[in-house]
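>>> my questions concern the predicted model and sequence given below.
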Amino acid sequence: MSKELEYLSRKVARGHISRRDFLGRAAALGVTTVFANSLLSSAALAEGPVKGGTLKAGMQGGASTDSLDPATWQSQVPYKFGRQWGEQLVEIQPDGKLEPKLAEEWGSSDDAKVWTFKIRKGVQFHDGKEMTPDDVVATMERHSDANSKSGALGIMGGIENVKKDGDTVVFTLKEANADLPFLMDDYHLMIQPNGGKDKPTAGIGTGPYKVVTDQPGVRHIGEKFANYWNGDKRGHADQIEIIVINDATARTAALQSGQVHMINRVEPKIVDLVKRVPGVTIQNVAGKGHYVFIAHCNTAPFDNVDLRLALKYAMNREEMVQKILRGYGSVGNDFPINKAYPLFSDDIEQRTYDPDKAAFHFKKSGHDGTVLLRTSDVAFPGAVDAAQLYQQSAAKAGIKIEVKREPGDGYWSEVWNKQPFSESYWGGRPTQDQMYSTAYYSKADWNDTRFFNPKFDQMLITARGELDEGKRKQMYRDMAIIVRDEGGVIVPMFNDFIDATSAKVGGWVPDGNQEMSGGYALSRCWLNA
Amino acid sequence: MSAPVLKLVAQRIAMGLLLLLAVSVLIFAGTQILPGDVAQSILGQSATPQALENLRRDMGLNDPAYIRYLRWLGGILTGDLGTALSSGQDIATSLKERLWNTLFLAFWAAVVSIPLAIMLGLLAVRYRNGFVDKLISGLGLASTSLPEFFTGYLLIYFVAVRLQWFPSVSTVYEGMPLGERLSAIALPVTVLTLVVLAHMMRMTRAAILNVMQSAYIETAELKGLSPLQIITRHAFPNAIAPIVNVVMLNLAFLVVGVVVVEVIFVYPGMGQYLVDHVAKRDVPVVQACGLVFAAVYISLNIIADIVAIVSNPRLRHPK
């Protein structure tokens, strides 16, 4: 890095020269804008946060049906707002490692069946009460109760009981699980006074911002919580606001006109246009989210492994990444894991588009006639286009795909997980175990490929209890290959999270765990002075 | 007001109420035909037959349809619209705020568009078939023909992003000062005005032109009145009934048909509220919204009818 650039970037961070001047000087030195911008943000990070102001985000993914009860959260806005006003026991970092949050430290018994979390002291809830291990136990109880209909119910299922023991909380599991601490990062599991049992929608947590205004589907406002325990690291603006802007054009316009400082979900097809807007930075980061074509392994004609292989070889992954994601993503390999996951093996052979092999397996399957693929606008951005591209690449292998476009309303209740061959997406999970347990374990509710493989199930459970990382990695590699070669899922691409920030935002951390800087953008970032 | 007018007005109102009752039956029946019931939507994926049965019993879903209908109707008459399934919030409270926002937007759109439309209509008649008439009609038709989202995006790009005169995000909230509120809704009001203007303007023009054929207009001309005086004093009052009719039709549109504008400008009105709840199969909210929309539509039409009755001299001055 040029000394001069480094010097200049520090001057911008201190406000001595303007950002635009800096970018001009950088261009004169022959540096690309992207690199110069990244230099700026690291200089700003080094300079330290600026306190004060109102930081505003315009976000897709909110509706008037949203609630403050963490158990009910499904969509982006309540979840991302929740990350600002509530906290979990642990927090997954951008590098995939765990950092202590409301738990100071943790450890397990040798068989990974009993886990002990030491609960942080001196942490206050927004209502002034001090957080205790009892609140942690009550929170876990609430989300384990089938009547709560909590979104975390699935991951709480493996827990036998949760008990307080002095300053610690002890989790006893039904089966060994080496990943239990990762599960505690789940956004539903924010610690609330008495677990939120008294009033689930009260909106009280321990986070850097307390809820002052909550208008579902319109806007959510948080005000800096004076007694926040971790104020040096989080919660720089005096106030944060999320404005729900579900329309993509309106969202971009709001960023351009300065009504919001950051937005989520910039559509790949307009990224290049947004990039050219002065002051706007595209924040894209490779994540765990991926788009899928799912075939039911137990329904004709997809119950034939050769037909599934034919469909996999007929997929042109490179073309999908270029045309559907405009390069903002990477190719998939027909299993739901990529390098963003811990314990990923990068030596599994990449499957490529091969019309000859596709034709061979198609012929071997004995199926003739068309294959019906159901799609919809809501399956993922560009899903209908992707279906048509697939139709063409498959046609070259002599496979006729009939594309049926379904209405977006009702797609998730009537088509996905019901019809034998459709398009969908997954947001990814913190660990491989969770991803496989959610969608590939034979007994999972969301086993949307109807993948019933006893050997795979057995390996999944063994790997879960295995504390030796080397052995676990090998098991996950074997499982990936089973799903890749026998499963009903076609994974053409992993999509990047694409957000955008205005020139006023400092302190953005690329974090592939979720969009909006892992969900923490509003409390990690600050407004440049 | 004389007795025949009062009687007619009373008849209209009674008819309107009856119609509303009929609509409530239709709404209730319509939501009954939908596959699945409320219990199923609440329990969703995790529904077991036992849990479904318990919930149905608790909610009284096993009663015959007419009893459930009467219970629902009774609740509405006492102001109890029930609670939303999705968020557990009281429907009446959240609906009130949304309805108020919608009416606020519709009101200001009407305040701008109705006088403007009528004035332009009068001008068009005054200079009929001339350049002014053609210009007004042409521009009006062009603005109506462009889809709302297109004019909306154009306004956002030029007025909000380039010139930065008004915000592109029209989020309004309780306790917002009126000045800020008006600035926030400036762009959606402009779009709505452009959408409804031509219809009302053309109707005004046609209705007045129709009257202009009458013999008394010729008399007025022979008396030596100026063309504008003839139009405002003699032609317009006799053309009020059809004009009010089309104005009310457009007002109803401003209240019930502006979902697209709400989405583009992020305006928290009824339309978005209804669409969100339809997507979540939140039947009680959908029913409540349907009823409110029907009530708005019917009452605006009653008003139009009453104005037509009252403005009819033959009814006002019976022999």
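Yep, it's here.
>>> CA atoms for contacts and neighbours, from now on please.
OK.
>>> how far away is residue A:61 from residue A:242?
From residue A:61 over to residue A:242 the distance is 11 Å, taken as Cα to Cα, to the nearest Å.
>>> show me what contacts residue B:293?
Neighbouring residues of residue B:293 by Cα atoms under 8 Å, 6 or more residues apart in numbering or on different chains: B:255, B:256.
>>> so between residue A:61 and residue A:242, which is more surrounded?
Applying other Cα atoms under 10 Å in any protein chain shown to residue A:61 and residue A:242 shows that residue A:242 carries more neighbours, namely 27 against 19.
>>> hmm, residue A:57 and that one touching each other?
Yes - counting by Cα atoms under 8 Å, residue A:242 touches residue A:57, with 4.8 Å between them.
>>> interface residues of the stretch 51-200 of chain B facing chain A?
Residues of the stretch 51-200 of chain B lying close to chain A by Cα under 8 Å from any Cα of the partner chain are B:86-87, B:153, B:156-157, B:160-162, B:164, B:167-169, B:171.
>>> the stretch 51-200 of chain A: helices as residue ranges?
Using DSSP state H, counting those that start in this stretch, the helices of the stretch 51-200 of chain A run over residues A:76-85, A:133-144, A:153-156, A:180-183.
>>> the second one vs chain B: in contact?
No - no part of helix A:133-144 sits near chain B under the criterion Cα under 8 Å from any Cα; the closest distance found is 14.1 Å.
>>> chain center to that helix, what's the gap?
Distance of helix A:133-144 from its chain centroid, counting by Cα atoms, centre = their mean, to the nearest Å, is 24 Å.
>>> show the buried residues in the residues of the stretch 51-200 of chain B next to chain A.
Neighbour counting by 16 or more other Cα atoms under 10 Å in any protein chain shown classes B:86, B:87, B:153, B:156, B:157, B:160, B:161, B:167, B:168, B:169, B:171 among these as buried.
>>> tell me the secondary structure for the first one?
Assigned with DSSP: H, G, I helix; E, B strand; the rest coil, residue B:86 falls in the coil class.
>>> ramachandran coordinates for the residue of the stretch 301-450 of chain A at minimum distance from chain B?
Closest to chain B within the stretch 301-450 of chain A is residue A:409: 6.2 Å, counting by Cα to the nearest Cα. Dihedral angles of residue A:409 (phi, psi; degrees, to the nearest 10) stand at phi -70, psi 120.
>>> pretty sure it contacts residue B:279?
Yes - the criterion here is Cα under 8 Å, and residue A:409 meets it with residue B:279 at 6.2 Å.
>>> contacts for stretch A:84-104?
Stretch A:84-104 is contacted from outside by A:117-120, A:123, A:181-182, A:184-187, A:189-192, A:203-211, A:222, A:340-342, A:430, A:510-513, A:518, A:520, A:522-523, using Cα under 8 Å, 6+ apart.
>>> residues contacting residue A:219?
So residue A:219 contacts A:213, A:241, A:242, A:243, A:244, B:171 (Cα under 8 Å, 6+ apart).
>>> again, only this time at 7 Å
With contact set as Cα atoms under 7 Å, 6 or more residues apart in numbering or on different chains, residue A:219 has these partners: A:241, A:242, A:243, A:244.
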